[in-house]
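J.: here's a sequence, model it:
(chains A and B)
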Amino acid sequence: MLLARWRQTLVAAVGVTFSIAMFITLLGFMNGLNDLLDGLILNRTPHVRLYNEIKPSENQPVNVAGQYKDSYNFISSVKAGVTRQEIYNSGPILQAVKADERVLGATPKLLAQVFFNEGTIDITGVINGVDVEEESRLFNFQDYVTAGDPIDAKNVANSIILGKGLAEILVADIGDVVQVTTAQGERFPLKVVGYFQSGIQEIDKVQSYASIATTQKLLGKPANYMTDIQVKLHDLEQAPAVSREYAQLFQVDAEDIQTANAQFETGSSVRSLISYAVGITLLIVAGFGIFNILNMMIYEKMDSIAILKATGFSGRDVNLVFLVIAMSIGLFGGLLGLVFGFVFSLIIDNIPFNTSALPTIKTYPVNYDPVFYFIGGTFSLITTYFAGFFPARKASKVDPVEIIRGK
Amino acid sequence: MKGSNEKMQEVILEARGINKAFHDPVTVQVLRDITFTVNKGEFVSVIGKSGCGKSTLLYILSTMDTDYTGELFIDKELMSGRPDPELARIRNEKIGFVFQFHYLLNEFTVLRNVMLPGLKLGRYSEQEVEHRAMERLKMLGIDHLAKQSAYRISGGEKQRVAIARALINDPHVIMGDEPTGNLDKRNSDIVFNIFKELTEEHNQTLLIVTHDTEFAENSHRIIEMEDGRIIRI
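T.: Here you go, the predicted structure:
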């Protein structure tokens, strides 16, 4: 109703627009980075890992024996007995897990500790025996193979994909043959068919991949030998529950992703928290801007308020007018801010970002989660409401007699 | 059917024993026991020296000032002690205002300014209110200004727009606080003639505070005040 002061109103709206745009951009970018960093680990980490831990039995014979049952037994130097790293009964477990409808997929894995022989020097390393196709499907294996074709690990007999760092140490090009010594002392030539790069130097220096069959051959084990079953679920949040259930059901050790990577969760949530805090601060500052402008507007428009009241507009009407002004600043500024935020996000999304550590990333990562837009929009309305509330109340209490008599 | 003489006797505004005092910084009795009535169709001027309380009285009569003792009747209804939103509605419907300053809203056109109280009342549709506003502008000879912005017209024209605005809801009474106080002789005469015409041809009740004695003498009735009392009715 009071279309007063277009320029000031515009400034207020621009303030809201700017803060909402920044809020969206900041959160989008921050969460993009979060997703990227989490993805570095989480995408490649199974949601539930089934394995068999080598550890001493909890029920030592002396505790079980009837005659010592009532006494307190001290046992020192407890050692693990005859336990194998292998998962017992792996075939049926794998089948049962794959049949579970919560499970997106499950793939076996076989870890082999080896030495890579570089002349006279032995370099320790780990060969991960994997089902290449499933590993690609579930854990984006192909994204991290920067040279060569991952499927060659399966198709070429006795082949290996070396970590980039490891390949540099071994000076091994694709097509070269590297010598591997197993823990049992067997020597084995393997052909390099590719490099993989995880983005984490320490991993790239020790890890390498081979097909599960090659690894079983390397260790001299039968085709059902596997040390890990990696499970990927449809819903990550179910991992702890599923993990507990499987541990009970299959009598194996199970570890869920939340336990294994608690630090990433913490990092992500702290980063989110910071970006929310910054975004909301921006909005509150914009809110104070609106508050100021409305307050000034009220002083300028005293006469108008007085005459509106004199001609029959009640305090409530005047209150409403100023609230509507504030809210429309919030609404239009906010909407425009959402659009600008999206545009800024798009721009950031197209800025080249090349780093050798992250082979799959070409531009800055941005997250376009609609939740941010929703929060931004809602918050702009809330802040402008409160920014308008007090000036509006003040305007509604203007006494027309005082204004008119004051002239 | 009532005769015109009988109609003149219809009381539109009545004040009974109105007292008002300002307490800050010291208690000053501004109005003492004000009692009078205004009949329909009367053109009443209130005169008196500066500080005699005539403006204060007007604001009490207009219901904008509620800090007084005594009783005020408009259209035979008691106004005293009613809540603010209700008084706002009564002001909107039954009272028209003309102040010394025009108080037009600069953001709107002349027409829109006149329409505003009518839109607030909501008795007529927007088209009807617009039509009524044009009628009133025409009556005051300023219909050619309807589409102009309110700040682009002259002082005399503004005051006439303010009168048109006061008339939009067919109020029972029009109250004026020095409506000619800020105008030159020529424009004062125009405004006075408008008032005269309103009261004679449209039977409009007018209650005008002024210290222009020439203006007052030409009205039907003069209420003179001194030190918060009425000394002549």
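J.: going forward, measure contacts and count neighbours with C-alpha atoms only.
T.: Will do.
J.: so for stretch A:80-88, what gets flagged as buried?
T.: Buried residues in stretch A:80-88, counted by 16 or more other Cα atoms under 10 Å in any protein chain shown: A:86-88.
J.: what residues does chain B put near chain A?
T.: Proximity of chain B to chain A, by Cα under 8 Å from any Cα of the partner chain, involves residues B:59, B:64-65, B:84-85, B:87-93, B:95-97, B:103-105, B:107, B:117, B:120, B:166.
J.: can you rerun that using 6 Å?
T.: Proximity of chain B to chain A, by Cα under 6 Å from any Cα of the partner chain, involves residues B:85, B:88-89, B:91-92.
J.: out of the buried residues of stretch A:80-88, flag the one nearest to chain B.
T.: A:Ile87 (80.9 Å; Cα to the nearest Cα).
J.: Provide a list of residues in contact with the closest one.
T.: A:Ile87 makes contacts with A:52, A:227, as judged by Cα atoms under 6 Å, 6 or more residues apart in numbering or on different chains.
J.: do you know how far it is from A:Glu133?
T.: Distance, A:Ile87 to A:Glu133, using Cα to Cα, to the nearest Å: 22 Å.
J.: how deep is residue 220 tucked in, by neighbour count?
T.: Reading this off chain A. For A:Gly220, the neighbour count with other Cα atoms under 10 Å in any protein chain shown is 13.
J.: meant chain B actually
T.: For B:His220, the count of nearby residues is 14 (other Cα under 10 Å).
J.: that one: what's it in contact with?
T.: If you count contacts by Cα under 6 Å, 6+ apart, B:His220 has them with B:Phe43.
J.: 10 Å instead, please
T.: By Cα atoms under 10 Å, 6 or more residues apart in numbering or on different chains, B:His220 lies in contact with B:41-45, B:196, B:199, B:206.
J.: repeat that for A:Tyr88.
T.: A:51-52, A:224-227, A:250-252.
J.: chain center to stretch B:92-105, what's the gap?
T.: Chain-centre distance of stretch B:92-105: 7 Å, with Cα atoms, centre = their mean, to the nearest Å.
J.: buried ones in it?
T.: With the criterion 16+ other Cα under 10 Å, stretch B:92-105 contains buried residues B:92-105.
J.: before we move on, back to that, now, among the contacts of B:His220, which is nearest to chain A?
T.: Looking across the contacts of B:His220 and measuring by Cα to the nearest Cα, the closest to chain A is B:Leu206, at 16.1 Å.
J.: what's the burial count for B:Val173?
T.: Neighbours of B:Val173 using other Cα under 10 Å come to 28.
J.: that one is in contact with B:Glu42, isn't it?
T.: Yes - counting by Cα atoms under 10 Å, B:Val173 touches B:Glu42, with 9.3 Å between them.
J.: which residues do those two both contact?
T.: In contact with both B:Val173 and B:Glu42: B:12, B:204-207, using Cα under 10 Å, 6+ apart.
J.: of the residues you listed, which is the most crowded?
T.: B:Leu206 (27 neighbours).
J.: how far away is that residue from A:Gly199?
T.: 88 Å.
J.: and A:Leu94, what does it touch?
T.: By Cα under 10 Å, 6+ apart, the contact list for A:Leu94 reads A:50, A:105-108, A:229-231.
J.: neighbours around the residue of chain A found nearest chain B, how many?
T.: Nearest residue of chain A to chain B (Cα to the nearest Cα) works out as A:Gly312 at 3.8 Å. A:Gly312 sits with 27 neighbouring residues when counted by other Cα under 10 Å.
J.: and it, that one's in a strand?
T.: No - A:Gly312 is assigned coil when assessed by DSSP: H, G, I helix; E, B strand; the rest coil, not a strand.
J.: right, and it touches B:Gly122 too?
T.: No - contact criterion Cα under 10 Å: A:Gly312 and B:Gly122 do not qualify, at 11.7 Å.
J.: quick check: neighbours shared by those two?
T.: Listed as contacting both A:Gly312 and B:Gly122 by Cα under 10 Å, 6+ apart are B:Leu116.
J.: give the rounded mean pLDDT of the top strand by length along chain A.
T.: Scanning chain A for the longest strand, with DSSP state E as the assignment, gives strand A:103-118. For strand A:103-118, mean pLDDT is 86.
J.: and if you look at stretch A:17-24?
T.: 85.
J.: quick one: pLDDT of residue 74?
T.: Assuming you mean chain A. pLDDT, read off for A:Phe74, is 82.
J.: my question was about chain B, not that one.
T.: Predicted confidence (pLDDT) for B:Ile74: 85.
J.: element containing the spatially most central residue of chain B?
T.: By Cα atoms, centre = their mean, chain B has its centre lying nearest to B:Met175, at 1.3 Å. Using DSSP states H and E, B:Met175 sits within strand B:173-177.
J.: packing partners for that strand?
T.: strand B:43-48, helix B:54-61, helix B:84-94, strand B:95-98, helix B:155-167, strand B:205-209 (3 or more Cα pairs under 10 Å, 6 or more residues apart in numbering or on different chains; DSSP states H and E).
J.: those: which one's closest to B:Leu183?
T.: Among these, the nearest to B:Leu183 by Cα to Cα is helix B:155-167 (6.6 Å).
J.: just checking the distance from the closest one to the centre of its chain.
T.: Here helix B:155-167 is found 12 Å from its chain centre; the criterion is Cα atoms, centre = their mean.
J.: which residues in chain B form helices?
T.: With DSSP state H as the criterion, chain B has helices at B:4-8, B:54-61, B:84-94, B:110-121, B:126-139, B:155-167, B:185-201, B:213-217.
J.: re the thing from before, buried residues in the longest strand of chain A?
T.: In terms of neighbour count (16+ other Cα under 10 Å), strand A:103-118 has its buried residues at A:103, A:105-117.
J.: do stretch A:338-351 as well
T.: Quick answer for stretch A:338-351 (16+ other Cα under 10 Å): A:338-342, A:344-346, A:348-349.
J.: cool, stretch B:82-94 as well?
T.: For stretch B:82-94, burial by neighbour count (16+ other Cα under 10 Å) applies to B:84-85, B:87-94.
J.: centre of the chain to the helix or strand hosting A:Lys98, how far?
T.: A:Lys98 is part of helix A:90-99, with elements assigned from DSSP H and E. With Cα atoms, centre = their mean as the basis, helix A:90-99 stands 28 Å off its chain's centre.
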